[in-house]
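1. Only the shape, not the letters, is given here:
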Ligand SMILES: Cc1cc2nc3c(=O)[nH]c(=O)nc-3n(C[C@H](O)[C@H](O)[C@H](O)COP(=O)(O)OP(=O)(O)OC[C@H]3O[C@@H](n4cnc5c(N)ncnc54)[C@H](O)[C@@H]3O)c2cc1C
Ligand code: FES
Ligand code: FES
C-alpha cells in the first residue's frame, strides 16, 4: 500500500492505495465519489472523465498514484461551475440524457469543449465528443444541449462586456 | 478489467530511472499510460514494476536550433496540438496531434510513448518519418541516435534495447513555405487509423510520402516520393500508378478494401501538399 495525497474538489485528501489502483477506483471505492462512472474500464468510452490539474482525463487509465500531489475535480466538485450550470440547464431542457450513465463524462467533456471553443459549431462539437459513448440518446440531444449552452454562455459574455465567464 | 498487481515508482532523475530499468525485463517505463495501462488492464501484458518517466527534465526538455527542434519524449499530444512547444513542421505536427484519439487521451499520451509502442496504426511514427526525425535514446552507459526510418522494425517492435529510454526526437525544420499534407482514414474521428498518409516537401524537388497503418510499420513510399520530387506537378494518374506499386510493397497482406483506403489517403495527402 502507498499513501498518496490529492486535492479532491478543493479538499486535501490522503488515502492509502495499492499501486495498481486506478484513479477511478480510488474515487469511487475509497472516496465515495460515485458521480464518476465506469463503463469499459479500458479507455474506450469516456464515462470516467474527471479533471486532473484542470484537464480532462480518463480516470480508468490514470493510476491513483500518478495523481499524487495533483488537483482532482469530479462532477461533484463542479456543481457551482458556471459552465456546468449552463450545461445542466440545456441537458435537462433538450433531452440530452435518458439513463444518465454517460452524463457525468459528457458534462466534464462538454465543459472542456466550451472552454476551448467559444460557441462551437455542431461539427466541432461532434468531433470533440467522438470519444464519449452514449447508448441511449443517439447523441442529437447532447449535441443540441452543448450548442445551446455555448450560445447562452457567449451571449452572457457579450452582455457582460469584457469580463470572462470561464474561471 | 483490473491489472495484476505491480509496483509504481515515479523516477526523480534519469540515472535513477535507467538504473531501475536495467534491473530486468519485469520493469517497464510508463509515460502517459494511455496504451500501457490499457494493455495491463486487459492483461495483454504484465510487469512487476512501472517507472514513471514523465517528470524527468531530460524528457520534458525542448530545444531549438536554426535547423532543428528537439522535443522531449514526455511532451504530450495536447501540448503539440496547442502549440505549447515549438513546432518544426509549419503546422503539420499540431494537425496530426489533434487527430490522435480524444482530448482526454491527448492530455496524457506522449510522443515518446507512441513511438516506443510502435502500434502499426499510430500517428506519430509515420509523421516523424516523413519529417526525417532522429530519436535520441539513452541507455545506462551511453546515448545513441537512431533515425526514425530505422527505428520501427515491425508491429510493436522497435530498435530499443532492454533498459533504454527515448529521450526525445530531433526534428529538422520544414522551411517556411514548405508544403505538406496529411490524411487519416478511420471509422470515426479519433479512432486508430485504417490508413494514414503523410507527405512532406521540404523543397519543391524533395518529397517524402510515408504510409502508416499497414500490418507492420510505416514506410516511405519510394516510387511515389521519387516521382513527386522529380516532377512536382506529375499528373494524378501517374501518381496513382506509383502509389499502387508502393502500397503493394508496404502492405503486402492488405485486402482490397485496405488497399483502397491506402490509395485514397496517399492521394489526398499529396493533393493537400500541392494545393
Ligand atoms: C481510446 C484511445 C484512442 C487512441 N487513439 C489513438 C490514435 O488515434 N492514434 C494514435 O497514435 N494513438 C492513439 N492512442 C494511443 C495514445 O496515443 C497513447 O498515448 C500512445 O500510444 C502511448 O503514449 P503514452 O505516453 O500514453 O505511453 P504509455 O502507455 O505510458 O507507454 C507505451 C509504451 O511505451 C513505453 N514507453 C513510454 N515512454 C517511453 C520512453 N520515453 N522510452 C522508451 N519507452 C517508453 C512503455 O513502456 C510502453 O511500452 C489511443 C489511446 C486510447 C486509449
Ligand atoms: S470507463 Fe474509462 S473510458 Fe470507459
Ligand atoms: S443516457 Fe444512457 S448512456 Fe447516455
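-> Sure, I can see it. Fair warning: this is a prediction, and the values are worked out from it, not measured in the lab. Ligands and ions are numbered 1, 2, ... in the order given.
2. how about the lengthiest helix in chain B, does it reach ligand 1?
-> The helix that spans the most residues within chain B, counting by DSSP state H, is helix B:256-274. No. For helix B:256-274, no contact with ligand 1 is found by CB under 6 Å from any ligand atom; the gap never falls below 13.9 Å. (Each C-beta comes from the backbone N, C-alpha and C, glycine too.)
3. ok, and what's touching that helix?
-> B:179-185, B:194-201, B:207, B:209, B:211, B:214, B:221, B:224, B:228, B:232-233, B:236, B:239-240, B:243-244, B:246-248, B:250-251, B:254 (CB atoms under 8 Å, 6 or more residues apart in numbering or on different chains).
4. repeat that for 6 Å
-> B:179-183, B:185, B:194-195, B:197, B:199, B:201, B:243, B:247 (CB atoms under 6 Å, 6 or more residues apart in numbering or on different chains).
5. Near chain B, which residues of chain A are found?
-> A:19-20, A:41-43, A:49, A:55-58, A:61, A:63, A:65, A:127, A:130-131 (CB under 6 Å from any CB of the partner chain).
6. correct me, but residue B:182 touches residue B:196?
-> No. Contact between residue B:182 and residue B:196 fails when scored by CB atoms under 6 Å: they sit 7.5 Å apart.
7. which of these two has more neighbours?
-> residue B:196 (31 against 25; other CB atoms under 10 Å in any protein chain shown).
8. How about the contacts made by residue B:29?
-> Residue B:29 touches B:51, B:53, B:165, counting by CB under 6 Å, 6+ apart.
9. per-residue pLDDT, it?
-> At residue B:29, the pLDDT value in this model is 98.
10. what about the strands in the chain?
-> The chain I'm using is chain A. Taking DSSP state E to define them, one finds strands in chain A at A:2-8, A:11-17, A:49-52, A:55-58, A:71-73.
11. Chain B was what I was after
-> B:7-10, B:27-30, B:49-52, B:62-64, B:68-72, B:134-138, B:143-147, B:152-154, B:157-158, B:165-172, B:179-185, B:195-203, B:206-212, B:219-220.
12. list the buried ones in stretch A:137-152?
-> A:137, A:139, A:141-150, A:152 (16 or more other CB atoms under 10 Å in any protein chain shown).
13. Quick one: name the residues of the stretch 51-200 of chain B near ligand 1.
-> Counting by CB under 6 Å from any ligand atom, the stretch 51-200 of chain B sits next to ligand 1 at B:53, B:59, B:73, B:100-101, B:105, B:108-110, B:112-114, B:116-117, B:119, B:122-123, B:160, B:165-166, B:190-192.
14. ok, and the closest non-adjacent residue to the residue in chain B positioned nearest to chain A?
-> Residue nearest to chain A within chain B: residue B:102 (2.9 Å; CB to the nearest CB). With CB to CB, 6 or more residues apart in numbering or on different chains as the criterion, residue B:102 has its nearest non-adjacent residue at 2.9 Å, and that residue is residue A:131.
15. hey, where'd the helices end up in chain A?
-> Counting by DSSP H, chain A has helices at residues A:23-25, A:82-93, A:103-116, A:122-128, A:140-160.
16. which residues does residue A:91 contact?
-> Contacts of residue A:91 by CB under 6 Å, 6+ apart are A:97, A:145.
17. any idea how far it is from residue A:122?
-> 16 Å (CB to CB, to the nearest Å).
18. just residue A:73 next, same as before
-> Residue A:73 is 27 Å from residue A:122, where distance means CB to CB.
19. Same question for residue B:94.
-> In terms of CB to CB, residue B:94 sits 23 Å off from residue A:122.
20. So between the two, which is more surrounded?
-> residue B:94 (18 against 12).
21. how about that one, what does it touch?
-> Going by CB under 6 Å, 6+ apart, the list of residues near residue B:94 reads B:80, B:81, B:83.
22. ok, now with 10 Å
-> B:77, B:79, B:80, B:81, B:82, B:83, B:84, B:85, B:87 (CB atoms under 10 Å, 6 or more residues apart in numbering or on different chains).
23. where does chain B come near ligand 3, residue by residue?
-> Close to ligand 3, as judged by CB under 6 Å from any ligand atom, chain B has no residues.
24. Domain map for chain B?
-> B:7-52, B:57-172, B:180-273 (automatic domain parsing).
25. Kindly identify which of the buried residues of stretch A:137-152 also come near ligand 3.
-> Near ligand 3, by the rule CB under 6 Å from any ligand atom, you find residue A:137 out of these.
26. that older thread, spell out which residues are contacts of both of residue B:182 and residue B:196.
-> Common neighbours of residue B:182 and residue B:196 (CB under 10 Å, 6+ apart) are B:96, B:99, B:123, B:126, B:127, B:210, B:212, B:265, B:269.
27. Now tabulate these in TSV and tack on pLDDT.
-> Supplementary listing: the shared contacts of residue B:182 and residue B:196 in TSV, determined by pLDDT from 0 to 100:
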residue	pLDDT
B:96	97
B:99	95
B:123	97
B:126	98
B:127	98
B:210	98
B:212	97
B:265	98
B:269	98
